[in-house]
Structure formats: structure tokens, C-alpha cells
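Undergrad: Dropping the sequence and predicted coords here.
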Amino acid sequence: MDLNMKVLIVDDFSTMRKIVRNIIKQIGFKNIIEADDGKSAVKELKKGKVDLILCDWNMPEMSGIDLLKTVRSDDELKDIPFVMITAEAQKDNILEAVKEGVSNYIVKPFTAETINEKLTKIFGR
Amino acid sequence: MDKKIINPFINATLNVLETMAFIKSESGKPYLKKDDIVQGDVSGVVGFTGETKGTVFITFDESSILKIVSNMFGEEITEINNEITDAVGELTNMISGQARKELEEVGEVFHGAIPSVVAGKNHELISLTKGPKIAIPFKTDFGSFTIEVALDE
């Protein structure tokens, strides 16, 4: 797994973005950008060179699942690994995300180890 | 009050703080409360409904919550501000979600509400539920916090 890859964290809740950023930094990622909703995420993605999306499920206007559908139906973006972050209460929704082509998912609370394991499954060691 | 309702909250709290904030906490002996007052510096409050209805209060002293959130963010936070209250909301959500999951495994189905957070040095909250109220004190190397579960009869 290349720790220089560019990671996009998408969450409308700035506290959660900070928590995820801190954990991702502990794994060793250095190149981290953030978006506070699905629409800003698409703008960031269109600038190019994002290698991984970590996205919260629950966001106003454009939810995580809507962003996933947008990414998977866009020829330029469709191959970017997409990891959905979900609360325990919404875990059942993950089946829908799997159908839409999510690469993996993480249930809150999570540790750096959990995220590392999921990313290793996607990118290899 | 049934241990099978209290233990999932203890387990969830220990787990969430250890995974998200890298802080080990030690739970003290749970005790039945005689008054209705919850006292602390920052509190997360979440109601739940199901086979039993009630409210969970997670009340931190200032030093413990500053360290917990500083660890969660990877940056030092020195005063109680909006970031702290948002983080307490998120912690309360995670603890309540994980406790409900464990309760479901023993056949107790609960639904949680959206948490509220109250901040203010030595604030007091009053629990209006009519059933038993149990408090579980926790200690960390950086301060203390308490979980209180108040059930409706």
C-alpha cells in the first residue's frame, strides 16, 4: 500500500473529519484532503489524482450512497476505491452500498488497525 | 436494575474510549443513585426506547474530556469549546450504538435518539425518569467521568 496516495475524506461533520484524518495519519498517510459534502467531494475528485475516498454515509443533500453512485457512473472516477463509513445503526444499509460497488466499509467506532486492515484488502500490503 | 442492561454500557464506553482516544479507563463499582442530579463539566445525554425506556448520561470532568478529545483529534485542546461538545455528541452516539448492539445480542431491542450535549463547569442536569437510576464511575489517568442510566418504570 502506497502511503503517498491521496486520500479524500468526505463528511459533513468537521469533528468526524478530524477524527478520521488523525487515524489515517497514524497509519502513515500524508496526503489527505477533505470535503464537507458530496458536491464538494465531486469537485475535488474532478481536479484529479484522488486515490482513495473515505466517505460518511449520512450527509445532507448528497449522501454517501449518492456520491458512490455518482463516482461509479463517471468514466473518469469509477475505478477509485471507495470506503463507506457508517454508524452501527445504519449497518444494514451497507448491502445497498455493496450493490452499488463500494470497495469496503467501516463501522464506527473504528481503530487505525481496522482501517488499515480494510485498506490492505483493497490495495494489498 | 438488571446487570444485563448496565454491562453493555460499561463495555461500550471502555471500548470506544480505547479505540477512538487510546485511553484506558477503569470502571468503579456501580451504585444506585438516591438523587436526580447529574453533575459535571460536559455531558452527553441520549434517550432510548424499547422494552424499557430511559436516558443515559455520560458526564466528563474537564481534564478527562480535554485529553480524550485531544487524543481523538491528534492535537492539543486546552479549553471546552464547540469541538469538544461535538466530539462528546459523537462519542455518546458511538457508545449508545455499541451498547444497543450488545443488548440486541441478548434479546433486548432498544432504539436510540439523537444525543444532546450540555457543557458548563459543574453544570447540573436533572433526570425526570421515575425508575431506578444507576451510576458507574470511571477513572482514567487524566481525570474521571460517570455514566448514569436512568430507567422509566
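TA: Sure thing, it's come through. Numbers count the residues shown, from 1 in each chain, chains lettered A, B, ... in the order given.

Undergrad: Alongside chain A, which residues does chain B contribute?
TA: Contact residues (CB under 8 Å from any CB of the partner chain) of chain B with chain A: B:15-16, B:19-20, B:72-75, B:83, B:86-87, B:89-90, B:93-94, B:97-98, B:100-101, B:112. C-beta here means a position set from N, CA and C on the backbone, and glycine is covered the same way.

Undergrad: Weed out the non-buried ones from the residues you listed.
TA: Those of the residues of chain B next to chain A that meet the buried threshold are B:15-16, B:19-20, B:72-73, B:83, B:86-87, B:89-90, B:93-94, B:97-98, B:100-101, B:112, by 16 or more other CB atoms under 10 Å in any protein chain shown.

Undergrad: In strands, which of the residues you listed appear?
TA: residue B:112 (DSSP state E).

Undergrad: Tell me which of the buried ones among the residues of chain B next to chain A fall in helices.
TA: B:15-16, B:19-20, B:72-73, B:83, B:86-87, B:89-90, B:93-94, B:97-98, B:100-101 (DSSP state H).

Undergrad: What strands line up against the lowest-mean-pLDDT helix or strand in chain B, and which way round?
TA: Here the helix or strand of chain B ranked lowest by mean pLDDT, DSSP states H and E is strand B:110-112, holding a mean of 79. When pairing is defined by DSSP bridges, strand B:110-112 lines up against strand B:37-50 (antiparallel).

Undergrad: in the partner strand, what counts as buried?
TA: B:38, B:40-48.

Undergrad: do stretch B:114-123 as well
TA: Buried residues in stretch B:114-123, counted by 16+ other CB under 10 Å: B:115, B:117-119.

Undergrad: Inside strands: which ones of these?
TA: B:117-119.

Undergrad: now for the buried residues of strand B:37-50, which pair is the farthest apart?
TA: B:41 and B:48 (23.8 Å; CB to CB).

Undergrad: Can you pull the residues of chain A lying near chain B?
TA: Close to chain B, as judged by CB under 8 Å from any CB, chain A has residues A:13-16, A:18-19, A:21-22, A:25-26, A:87-89, A:108-111.

Undergrad: switch the cut-off to 7 Å
TA: Contact residues, chain A versus chain B (CB under 7 Å from any CB of the partner chain): A:15-16, A:18-19, A:22, A:25, A:87-89, A:108-111.

Undergrad: Dihedrals phi and psi, the most centrally placed residue in chain B?
TA: When CA atoms, centre = their mean is applied to chain B, the residue found nearest the centroid is residue B:58 (2.5 Å). Note on residue B:58: its backbone torsions stand at phi -120, psi 110 [degrees, to the nearest 10].

Undergrad: Bridged to the nearest residue to it once chain neighbours are set aside, which residues?
TA: Distance criterion CB to CB, 6 or more residues apart in numbering or on different chains; nearest residue to residue B:58, sequence neighbours excluded, is residue B:44 at 4.5 Å. Under DSSP bridges, the beta-bridge partners of residue B:44 are residue B:58, residue B:117.

Undergrad: and residue B:44, what does it touch?
TA: B:58, B:88-89, B:91-92, B:115, B:117 (CB atoms under 7 Å, 6 or more residues apart in numbering or on different chains).

Undergrad: one more time with 10 Å
TA: B:56-60, B:65, B:85, B:87-93, B:95-96, B:115-118, B:145, B:147 (CB atoms under 10 Å, 6 or more residues apart in numbering or on different chains).
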